[in-house]
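> A predicted structure for the sequence below; I have some questions about it.
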Amino acid sequence: MELIARLLHHSRLLRDPPCWRGPDAARQRHPPPFSVEQTRELQEYLIRAGHDVGGADGKLGTSTRSAIRAMQIKFGLPADSYPTVELLERMRAGR
């Protein structure tokens, strides 16, 4: 599992290296981790939006991250597959 995660991480960097995202992108940190409750709520919204995330279990697996990325693209947010409060708020509002 760890090997798959590393390969996915490296393939993302090859497709979208930090230097393509601007001078400050390489220094940006990922958003703070979501709580299990926030993750579960986000997964429920993703399921309602038609994504198969394997159930609302509060765990950030690969299917949840794929769905997050798809919704980030839909909402015009940075598509990095990391859950954010902004994404959760937009999904709550349905916009």
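That came in fine, so what should we check first?

> shaky segments in this structure?
1, 3-31, 95 (pLDDT under 70).

> where exactly do the helices run in this structure?
2-15, 36-48, 62-75, 85-93 (DSSP state H).

> Any idea which of those gets closest to Gly54?
helix 62-75 (5.2 Å; C-beta to C-beta). In short, each C-beta sits where N, CA and C put it, glycine included.

> Compute the inter-axis angle for that closest one and helix 36-48.
Relative orientation of helix 62-75 and helix 36-48, computed by axes from the mean of the first three to the mean of the last three C-alpha atoms, to 10 degrees: 70 degrees.

> Only C-alpha atoms, please: export helix 62-75 in PDB.
Only the C-alpha atoms of helix 62-75 are listed here, as PDB (Å, rounded to 0.1, in the frame of the first residue of the first chain):
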ATOM      1  CA  THR A  62      -7.700   6.500  -2.900                       C
ATOM      2  CA  SER A  63     -11.300   6.500  -4.000                       C
ATOM      3  CA  THR A  64     -12.200   9.400  -1.700                       C
ATOM      4  CA  ARG A  65      -9.200  11.400  -2.800                       C
ATOM      5  CA  SER A  66     -10.100  10.800  -6.500                       C
ATOM      6  CA  ALA A  67     -13.600  12.000  -5.800                       C
ATOM      7  CA  ILE A  68     -12.200  15.100  -3.900                       C
ATOM      8  CA  ARG A  69     -10.000  15.900  -6.900                       C
ATOM      9  CA  ALA A  70     -13.000  15.600  -9.300                       C
ATOM     10  CA  MET A  71     -15.100  18.000  -7.100                       C
ATOM     11  CA  GLN A  72     -12.200  20.400  -6.700                       C
ATOM     12  CA  ILE A  73     -11.900  20.600 -10.500                       C
ATOM     13  CA  LYS A  74     -15.700  21.100 -10.800                       C
ATOM     14  CA  PHE A  75     -15.600  24.000  -8.300                       C
END
